[in-house]
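Novice: please work out how this folds:
(one chain, ligands or ions: 1)
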Amino acid sequence: MAGGAGGGNPRNPQTEDPRREEGVLTATRKRVARPPRFKVILYNDDYTPMEFVVMILEQIFGKGPSEATAIMLAIHNSGLGIAGVFVQEVAETKVVQVHGAAEQRGFPLRAGAEKE
Ligand code: TYC
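Specialist: Presented below is the predicted three-dimensional model:
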């Protein structure tokens, strides 16, 4: 059938479905839960090497070298910074990974997860 199933205007599929008529859309649409997001914050200290923080930002947070360096320097200069934003379980796992990697090397780097 020309114009697609249902015969509605293919450029305006809202006209095809009676549940989507004007004024009804918000009343019938299923609400999709959007889970809260958590910032993973890295804190500055005087002992963790800059290169190690950059490596953490690359390996655990998936940043490229220039963004990782910029975030590390912002933390170094301001005291803390956001490494990434995730759902709670992922954020908490990243915090554990940061602490594990830092402790393995004997560095005092600290991280925390904070609800947005
Ligand atoms: N301040 C550290 C140094 O001068 C570098 C550093 C940056 C440490 C960021 C922790 O989260 C941090 N070696």
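Novice: drop to CA atoms for contacts and neighbour counts, all remaining ones
Specialist: OK.
Novice: wait, a helix at Val54?
Specialist: Yes - with DSSP: H, G, I helix; E, B strand; the rest coil as the criterion, Val54 is part of a helix.
Novice: how about the contacts made by it?
Specialist: Contacts were defined as C-alpha atoms under 8 Å, 6 or more residues apart in numbering; by that measure Val54 touches Pro65, Ala68, Thr69, Met72.
Novice: check the gap between the closest residue in space to Val53 that isn't next to it in sequence and the ligand for me.
Specialist: Nearest residue to Val53, sequence neighbours excluded (C-alpha to C-alpha, 6 or more residues apart in numbering): Met72, at 6.3 Å. From Met72 over to the ligand the distance is 5 Å, taken as C-alpha to the nearest ligand atom, to the nearest Å.
Novice: where does Met72 sit, in terms of helix or strand?
Specialist: Here Met72, judged by DSSP states H and E, is contained in helix 65-78.
Novice: hmm, back to that, just give the number of residues close to the residue nearest to Val53.
Specialist: Close neighbours of Met72, defined as other C-alpha atoms under 10 Å, add up to 27.
Novice: what lines up beside the helix or strand that comes right after the helix holding Met72 in the sheet?
Specialist: The helix or strand immediately downstream of helix 65-78 is strand 80-87, counting by DSSP H and E. Applying DSSP bridges to the sheet, strand 80-87 is found paired with strand 37-43 (antiparallel).
Novice: give me the residues contacting the partner strand.
Specialist: So strand 37-43 is contacted by 75, 79-88, 91, 94-95, 109-116 (C-alpha under 8 Å, 6+ apart).
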